[in-house]
Structures are given as structure tokens and as C-alpha cells.
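Trainee: Have a look at this fold, sequence not included:
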């Protein structure tokens, strides 16, 4: 950094830190009468929301929680979860959004590693805690979250073998709503959660108030000002990425800041989601492809007008097949790209004025790409020696990035932290290219690229081609070792129910070979083996689990 | 500030500072083909703009400018001025936007006080420099800005008696466009300019990169996301507040960040403005009431379709009379409030969903108020002892504020800096009330409130009433001392040309007295003296100059 002249400060002058409480403060300014809704169980306006956030902070104080302590949450997507998004960090504590889809052993690991002091746990997850409770080392208090209280105030909350402080609604109702959030350093640790990699234990990423504030600003700028996926304060928002999954991609902070009407769907059940979409005329969501597939195949959704629903798709690549299926139902879908380490948004499909004029089919080329680099994100591609490659749309290398909101390491893991930040650039582990219009194309995960006969083949390209064959519902391609070629692609394919009786693996291979004949692809793109499966293994956040597929195939051989 | 746990940092991890170069970096991402236009003289796309900004930085380097040095600019609103908004701070130097409407003595004072090293000066202002050149202490180089080069490359630039480095276009054309802007501390001093108060010399306010970045974010959020005055990247922007006036209220940073098509009008000439409005279908501007009055009374404007033009009005109160006149031409006008010390936006008229449904006449009540407090601004009202008053829409006190972008003092003036920031709140010197919907109503400047017979009367209220009487074009009210009542209101009124022959001061007084009879106002609101004048004294930035009016009246008595 070069030396410059800093602004002079007057002793009494106030310099406002960038804190999550500033986001919360917006919620009372413009349209506080808008509602936050949980299923068909609970609804409140933003006045009530603010009061409940303050009551929750008061509860933390009464339980002896200290600034810097960690509060874990195990809940479905609820208004209570949203309350903890604000009450925990604004109190100066750290929110640990526990991934409830991990194995109990992994959940235990993350609780102990993060050093959780209090855990807010939904009744549905009590069996998990029961099973690991004896090995939990740091937790002092449990607060039970129950949906029964919204149905019947006299209903009994589940009994536990371990001591609990009580039920959430009961406990916060005993607190007053006058708690005043204090100022503190904007680099204060606000949230943490764990990401499961290819090897080793889950790794803890973490974000400061300033980082979450800036991520919120960038998403707002991209979606509202540049209209990447048009989003204003009039939209009705419903998350369809769990709140433990990279803060539901940061959107609950954006929607709260914007005073949006918000709908929280609880546990993801297709009929409940479809009925909430219809009842509240939800206009904006985000999800992984698997959830979109689930929703559009739900019979109730097929009867619902979804023509105002805009959905950001991320987590895995948005295939052209899924994009067409969603568009056919009137849904606007756009791809995005990001990761746990980047809070997460790095890029979102965003058409230029010229591209908007293209026919629908042509536009798909752009809306299914990883998109254009988001405001204030800086992305580059590097070769194996770390040299920057040109942004010509052709040169392929690892994607590295910088922005004002990337995790500054993995908690208590200096070695992997240094690997992540080699040369001062965050290494995404993804391979791709960038063109002169700042469009990013992800070819693959570094570890998922298939090297066959000296040629690099993208497993995503093969998946895209297979997904467009009639009858194909879902597909996953990995490389398997091969004596002759080094590696060869191997495909798992799930067929649509109505095609299961007459589409075969041979037929699919034949279709792929036609594309070779027509010159669309080279012959080494056609998988040697196409295996029809009932379902494709998924990770805890709903992504295709290629690690598991590789393991299955290795065991098979 | 309470002590919390800060995020751990990995030695190699990069933490991106909030710098103006990040705003500049956005301009190449999404729609760089859009144009920046200067009158009918010059146009370029954002690719060219970026190259020219780099050439200008290279020029600074070749002239020996150091980070921390000050570069003054004396120009009309031009593309060159916009280039200096980016090249100077991104170089690590400080941009001094010299107020060319001050007296030569005051200009001299500000140049010496800010310690300018290089001055970019338009030919039109060379006579000013000629007159004060011998007393300028710190300037080492002058760069001449001339519009002649866009008309005729062989034309001669004005001769000067002092040495100049050359003409802008010639000089930057000799530089290369590969300059790389460096990282530095986000608290680096980026800009400075001088504000003329009621007493003493002009005072220098100053802003850091981080502050201008955050002000840009707040304005974007307010105008784009909350649609206070709907603004997206598709708008066509033209400033009508000089670029030396609080960075044209920060909008050039916003419009550049958004990749807007931008139109710079040069010297404000009504016909030129009207023709640019029509030719480029400008959709967004901002100005003081005087400029709006000038534009709508220009014959060419009356023939132009202005129905897509949205204008933020600030600097002085937007009267209901002017608001109606603009609306009648199809223009959307909204009031805003801010000051030099606050970078400047503090509040903007922003209708709630309920208010949008009101009839046009009713909506005026809200669109002409100072507006609702802008995102991340915190405003309070305090009594004379500094106690916070309730936000009930009735309690009146001095408005004090906080935000992440307020000047941290006056340069080399610790005494006034401490007064400005008494108790850690920035004192605006304005008196008003705030209601529970965060609507701010400015009653008056602290020093402009009229105290008559023990009653506080707002000069703005009287101005508003007078402005609505048929035939009244413009009005200014001040308090004059009175033996019996302490103070009494005194009005200057400018009549519309077509009314000058038959509207008299007595007639106006009669109209005001009718409003007393009908119970609208108390009788002490009616000025004892209404004086018809040809024009109302204005300050250098086009605001009504009450200091001057008071002085005139004092001399008269």
C-alpha cells in the first residue's frame, strides 16, 4: 500500500462503523407495516420484528452470554432464525448457523470446534442433540424452538434428558423490548458456519459485520440498481436455500434491509412451498437446482401462476434443460456463482441491453452461465504457476478472487487458510474462463475436470448435453480412471417417471453419438458408461455429491 | 465502544479497502458502451473515459504530483471535471473543487488555505487567476481547460501572464493509458471544498475515499432499491448543481458507478440545457429551486416534452408554488435535504405505499417536505441543552446527525470543528421536527427563525404561503428588529413578468390577511413590509442569500 494523507479527525467527531445494527435500523424507516410470515403459523410487521430481536438480545444478557461468545442455531427456515441473524451479531456475539444435514458426528465436531455457548434447537433436531450431548464440550444452555406454541399454547414441548432453559416464545415474552444495541468495531466477528470439502473435517469460515454489510450492499446494487434480477422493496421474498447455507446466500439481510414482505417456509415440503408461493404471491427466491426441480415437479405448483416468480439458481450449475422447464412454467431463472468462503455472491447472470433483445433460446446461453462478476468483486483466472491469464473467453484456469467480504481464513486451521489465500487471492478451486464482457464460465471444479487422452473435458459440459436429451431429469458426470486414456467420463442419469419404461442407457449413448456426428462435440465427450439410477447422491446442502459418486464407482471396480 | 471478538486474519488474506477506484472499476463491467457527453462538443464511451482518467493520472505523475498533494479545479460542469473526480483521488491526491462563484478574494483564500499544488482552470476563469496570481502561495502548475479544442484543433488558447503547463487535451494525449491505480488506506483524504457560513472566512470540509464510497452506496440504495426517486442504470443523467457544489451532491459518483449515460451541460445556459434535455432525453437531474425556475421559464423548455424528467430539488426549500409549476409541465420533482458538511444527502422525499395513493394535491405535502431520513443516516432533534426530543412531528429543535460519510471537521479550524461536532453529533444549524414515519420538516435555519412577540415563526412557512399567491414568482422572508415585537417578518417578492403591472405589495398583504381571516395562519405571520424586487440576492451556489438581505435592510434603516 502506498502512503497517502489521511483525513484529519476532530476529537468529538463521530465515525460510524459498518454494523449489522445499521441494516436493522432501516427496517423502521420506510414501510415497517410490511409483514414477515412463517408458514401458516405466525406473522408480524417490522415493528414487532424489532421488538422481538431486542427481547432475544435481552434473553442472551439474562442467560449470561458475553460479547464474543458463540450462539448455535438448529432450525428450519423460520422467523426465529431471522431474528437470530440480527439479535446475535448485534449483541456482539457470533452466530453459528449449524448445518443440520451433516451427520451427527460432524454436527458434534462443528459445535465443539466453534465453541458454541448457547444453542437454539428446533424440536425436530432434539434427537440429534440427545445422541451427541455427552460429547458436547462448551454448550451451557439450550433453548427449544417449537412450532406447537403457534398452534396451541397449552401443548407440551418435547421432553429432553438434558437441561434446557425453556421454550423460545415463552423465554422472550418474559424479556423487555428496550434493549439498546451498542457500537463496536466493524471488524467484529458476526457469523460462522462450516463447509465440507473433499477431504478432512468440516472447515469453519467466518464473517465480520463490515463484510456482511458490504455483501448486502453489493447484492442490493446488483439486483436493484443494475437489475441483474430485478429486485426492489416491493418484492415478496422467500428463501429456498436453508438459512444455514451461507446465510441463505445473504438474502435475508438484503430483504430485511429493503423492508420486503418476507415468507419463511420452515422445512422444505413441496406442497407447503407451492401453497406459500401462491398465497403470498412470492416474487423472489433463490435455490439450488435440486430444489427447483422438486418445486416444479410438485403437482400443486403446476396449478399455480408462477409468472411473477424470479429465482436465482446457484450451488450447482443451472443446466439448460432445467432452465427451459422452469421458463415453460413462466418462472424467470438466472444462474449465479459463489461459495461459502465468499459470503457467497461472486457473479450473477446479467444480460446487457443487446443480449436482452436476443430470442429466448439465445438468451439461455447467458442466463445459464455463471454470470457477470458482481459489484466490487474482482475475479481473475490463473494458470498452475499463478500467472494471470487473459480475459478472452478462451483461456481456462483456476478462478481466484478478491472482494470486501471474503472469509479471512478457516477457523483454527492456518495451513488451509494459507492455501486458500495463496498469493493474496482467494482460490475458489473452480476452473473457468472470463470474457471481455466480464462473463464467467465455470468449466468445472478443479478436482472434477476429466483428463482423457491428454484432453481436458469439462464434466459440466457433458452434463449439459445429457440434460437436454428427451426424458432426462437429472444427470451427474465424473471421471473414472482408465488404463488406456488416463480417465474417462462416467454418467449417472435419472429419467423422468414417464420415460422410465422405454429410455435406456444405450439410447442415451446413441443420442450423444449423434451429436458427435453432427460435429457438436468430440467423441471423447461421450461417456463410456451411462448408468440409469433412481437418484443422484447429494451433499447436505443439496449439491450433487461427486465425492460420493466417485467412492461408489471405486468400490464397484 | 464495547469490546468484542474481532475476526482472525490469515497473513496472506486480502482485505479490500473501500476506495473510489472500486467505483471506477464497475464502469467497464456491464454497459461500457454507454456515453458521457459534453454539450454538443465531445462524447466518449466508458472505455475511453477509463483511458482518459489513466492518462490524467499519468500526467500528474509526470508533473511531479505526490500522493497527499492537492489539485484544484475551476471548470464548468464538464467531462474533464468528471475525469478529475476519479483521477485525482485514485492517484492518492486530494481534489479541491474550487467554488468559481466566490469573490476573487475568497477564491484566493481557499486556494492558499487548501494548499493547492496544481490547478486545472477553464479559460473563462483565467481573468480571476490573473488578478490573484501574485498572492497565490502554493500552486506550482496550471493546466488550461479550453472548449476551443473540440471545435477547431488549430485555434489559439488564451495567453496568460503566468506560466502554464499546457492545454488539457494536448497534455493528456501525450500520456499513456496504462497507469495502474494502487491500493491505500480507505481513510485517505479524497476531496475538499469550501462552504461560506454566516460569519468569517470560508470553511474547508473534507471527505475520505470510504466516506464517498458509503455516500454513493446510500444514494444508490435510496434511489434504486427504495425508489425514493426511481433511478436505475438505464436513466440518462445530467447534473444541474455545479460539480464544485458538494460534488454535485455526489451524483456523478453514483451515475458513473451505474454506467449511466451522462450529459454534462457546461456553463448553465437555459437554451443549452433545454436542448440537451430534449436531444438526450435526460431522465434524472438535481438542482436548487432557482435553477428549476430558470429552466421551466425558458421558452425552449416549454416546447420540450419533459414528462420523463425526474428532478431532486435541494439547497433551499422546494415551495409548493414551484412544485406545482414543474408538475404542470410533467416534471417529477422531489425535495431533498443535506449540506456541505454531510456530503450532502441526509433525506429525500419518499412516499410510502399509502401516500402514493393520495390525490396529487395531497401528495405535495410530502414531496415538498425535506423527506425521509436516507439509508444509514441517523437524525435527531435536540433542544438548547442538547436533550433529544421525541419524533412526534410536533417537537421542534435543532437537527443533529450521524452517518458513515460526514466531514470529520473543518480543515485547520479546531474551534469550529468542535462546535460542529458538539456531543458527538453533527449540528446542522437547521431547526425542524421529525415524525414517527421518519419524515423531516425543516422549519428554518437556526439563525433564520423569526421571534415575534414571544412566538417563533418560520420564515419558510411565510415564504410557502406567499409563493402560492397568483403572480408570485419568487420570495424571501427574513426577520427585522422591531422595538415593540422584538422581530417582525419582512418579505422580498419577485413577480412573474405578466403580473408586474397590476399586482402590488398591498394586494399581496391583503391576500395574506385573507388567510388570517380564514383561520389558516395567525396574524403575526403576515409580514409588516412586503417589498417588490426585481431579483432576490443569491449565494454563490444559488441559494437565497438571507445574510445579504438582512445587510441591505439594516443599511436601509
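Mentor: Looks like it arrived, so ask away. All values reported here derive from a predicted model rather than from experimental measurement.
Trainee: my guess is residue A:92 contacts residue A:188, does it?
Mentor: Yes - applying Cβ atoms under 8 Å, one finds residue A:92 in contact with residue A:188, separated by 6.4 Å. Glycine gets a C-beta too; all of them are placed from N, C-alpha and C.
Trainee: Up against chain B, what does the stretch 251-400 of chain A have?
Mentor: The stretch 251-400 of chain A comes close to chain B at residues A:257, A:258, A:259, A:350, A:352, A:353, A:372, A:373, A:375, A:376, A:378, as judged by Cβ under 8 Å from any Cβ of the partner chain.
Trainee: mind checking how far the first one is from residue A:338?
Mentor: It refers to residue A:257. According to Cβ to Cβ, to the nearest Å, residue A:257 and residue A:338 sit 19 Å apart.
Trainee: List the residues that contact residue A:452.
Mentor: Residues in contact with residue A:452 (Cβ atoms under 8 Å, 6 or more residues apart in numbering or on different chains) are A:479, A:482, A:485, A:486, A:487, A:488, A:489, A:524.
Trainee: of those residues, buried ones?
Mentor: Among the contacts of residue A:452, the ones that count as buried by 16 or more other Cβ atoms under 10 Å in any protein chain shown are A:479, A:485, A:487, A:488, A:489, A:524.
Trainee: rewinding a little: residues shared between the contacts of residue A:92 and residue A:188?
Mentor: Jointly contacting residue A:92 and residue A:188 under the rule Cβ under 8 Å, 6+ apart are residue B:4.
Trainee: Mind listing the strands the helix or strand of chain A with the lowest mean pLDDT pairs with, and their directions?
Mentor: Least confident helix or strand of chain A, by mean pLDDT, DSSP states H and E, is strand A:455-457 with a mean of 75. Partner strands and pairing direction for strand A:455-457 (DSSP bridges) are strand A:450-452 (antiparallel).
Trainee: Now do stretch A:17-32: distance from first to last residue.
Mentor: End-to-end distance for stretch A:17-32: 24 Å, by Cα to Cα, to the nearest Å.
Trainee: picking that back up, continuing past the least confident helix or strand of chain A, what's the next helix or strand?
Mentor: Downstream of strand A:455-457, the first helix or strand assigned by DSSP states H and E is helix A:459-467.
Trainee: packing partners for that following helix?
Mentor: On a contact count with 3 or more Cβ pairs under 8 Å, 6 or more residues apart in numbering or on different chains; DSSP states H and E, helix A:459-467 meets helix A:320-328, strand A:439-445, strand A:472-482, strand A:486-495, helix A:505-517.
Trainee: now check the shortest one, is it near chain B?
Mentor: No - using Cβ under 8 Å from any Cβ, no contact is recorded between strand A:439-445 and chain B, whose separation bottoms out at 10.1 Å.
Trainee: ok, and what's touching stretch A:190-205?
Mentor: Outside stretch A:190-205, the residues that touch it by Cβ under 8 Å, 6+ apart are A:20, A:70, A:89, A:94-99, A:102, A:106, A:109-110, A:113-114, A:206-209, A:211-212, A:244, A:246-247, A:339-341, A:407, A:410-413, A:416, A:447, A:539-540, A:547.
Trainee: In ChimeraX, select just the buried ones from the residues you listed.
Mentor: Per 16+ other Cβ under 10 Å, the buried members of these correspond to this ChimeraX selection:
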select /A:20,70,89,94,95,96,97,98,99,102,106,109,110,113,114,206,207,208,209,211,212,244,246,247,339,340,341,407,410,411,413,447,539,540,547
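Trainee: Tell me where the stretch 1-150 of chain A has strands.
Mentor: For the stretch 1-150 of chain A, applying DSSP state E, counting those that start in this stretch gives strands covering A:35-38, A:42-45, A:70-74, A:94-97, A:116-122, A:141-145.
Trainee: What strands line up against the longest one, and which way round?
Mentor: Using DSSP bridges, strand A:116-122 pairs in its sheet with strand A:70-74 (parallel), strand A:141-145 (parallel).
Trainee: average pLDDT across it?
Mentor: The average pLDDT within strand A:116-122 is 98.
Trainee: Let me see the domain layout of chain A.
Mentor: Listed domain ranges for chain A are A:20-207, A:376-446, A:449-556 (source: automatic domain parsing).
Trainee: follow-up on the earlier one: let's see which of the residues of the stretch 251-400 of chain A next to chain B end up in helices.
Mentor: Mapping these onto helices (DSSP state H) picks out A:257, A:353.
Trainee: Just the buried residues of the residues of the stretch 251-400 of chain A next to chain B.
Mentor: Among those, those scoring as buried are A:257, A:258, A:259, A:350, A:352, A:372, A:373, A:375, A:376 (criterion: 16+ other Cβ under 10 Å).
Trainee: For those residues, name the two members farthest from one another.
Mentor: Of all pairs drawn from those, the greatest distance, 30.1 Å, lies between A:259 and A:352 (Cβ to Cβ).
Trainee: now the closest residue to chain B within the stretch 51-200 of chain A: how far from residue A:210?
Mentor: Residue nearest to chain B within the stretch 51-200 of chain A: residue A:68 (3.5 Å; Cβ to the nearest Cβ). Applying Cβ to Cβ, the value for residue A:68 to residue A:210 is 17 Å.
Trainee: higher neighbour count, these two?
Mentor: Neighbour tally, residue A:68 and residue A:210, criterion other Cβ atoms under 10 Å in any protein chain shown: the higher count belongs to residue A:210, 22 against 16.
Trainee: For the closest residue to that one other than its chain neighbours, list the residues it contacts.
Mentor: Using Cβ to Cβ, 6 or more residues apart in numbering or on different chains and skipping the chain neighbours, the partner closest in space to residue A:210 is residue A:186 (4.0 Å). By Cβ under 8 Å, 6+ apart, residue A:186 lies in contact with A:17, A:18, A:19, A:208, A:209, A:210, A:213.
Trainee: how about 7 Å then?
Mentor: Listed by Cβ atoms under 7 Å, 6 or more residues apart in numbering or on different chains, the contact set of residue A:186 reads A:17, A:18, A:19, A:208, A:209, A:210.
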